[in-house]
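Colleague: Structure for this input, please:
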Amino acid sequence: MLVFIGLCRVMFRSAFTYDESRVAQVMALNEREAIRDRRLLTISLAVLTVVTAAFVLHTVCTSTPPSWPWSAAWSCSRCHA
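Modeller: Next comes the predicted model:
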């Protein structure tokens, strides 16, 4: 982790500089005006919520996705054998 942080400081050196005009632009930003598509925001938050819940509940449910190529190959070889 320390190596990663060190490399980030070297690779993104110019991104870590303080620019007063950029700070003023961010502080002047009105969130309500910046969000133009409320429907897209709602859909994005719903997807983020479902993905986060699935990630958290994955260990509780212990469900695994089906392995389609192997199950299809097994069923085909079984039917034709």
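Colleague: so which strand or helix has the spatially most central residue of the chain?
Modeller: Against the mean C-alpha coordinate of the chain, by C-alpha atoms, centre = their mean, the closest residue is residue 48 at 7.8 Å. Counting by DSSP states H and E, the element that carries residue 48 is helix 38-61.
Colleague: Give the helix, strand or coil label for residue 29.
Modeller: Recorded secondary structure, residue 29: coil (DSSP: H, G, I helix; E, B strand; the rest coil).
Colleague: picking that back up, same for the helix holding residue 48, what does it pack against?
Modeller: Here helix 38-61 touches no other helix or strand, going by 3 or more C-beta pairs under 8 Å, 6 or more residues apart in numbering; DSSP states H and E. Yep, even glycine has a C-beta here, placed from its N, CA and C like the rest.
Colleague: Any chance you could list what contacts that helix?
Modeller: Residues from elsewhere that reach helix 38-61, judged by C-beta atoms under 8 Å, 6 or more residues apart in numbering: residue 35.
Colleague: now that helix: how far from the chain's centre is it?
Modeller: 10 Å (C-alpha atoms, centre = their mean, to the nearest Å).
Colleague: Same check on stretch 53-63?
Modeller: Relative to the mean C-alpha coordinate of its chain, stretch 53-63 is positioned 17 Å out (C-alpha atoms, centre = their mean).
Colleague: what about that stretch, average pLDDT?
Modeller: Stretch 53-63 shows a mean pLDDT of 79.
Colleague: With just CA atoms, put that stretch into CSV.
Modeller: Below are the C-alpha coordinates for stretch 53-63, written out as CSV (Å, rounded to 0.1, in the frame of the first residue of the first chain):
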residue,chain,number,x,y,z
ALA,A,53,-26.6,-5.2,-1.2
ALA,A,54,-25.7,-8.2,-3.3
PHE,A,55,-22.0,-7.8,-2.4
VAL,A,56,-22.8,-7.7,1.3
LEU,A,57,-25.4,-10.5,1.2
HIS,A,58,-23.3,-12.8,-1.0
THR,A,59,-21.6,-14.4,2.0
VAL,A,60,-24.9,-14.9,3.8
CYS,A,61,-26.7,-16.5,0.8
THR,A,62,-23.6,-18.4,-0.4
SER,A,63,-25.1,-18.4,-3.9
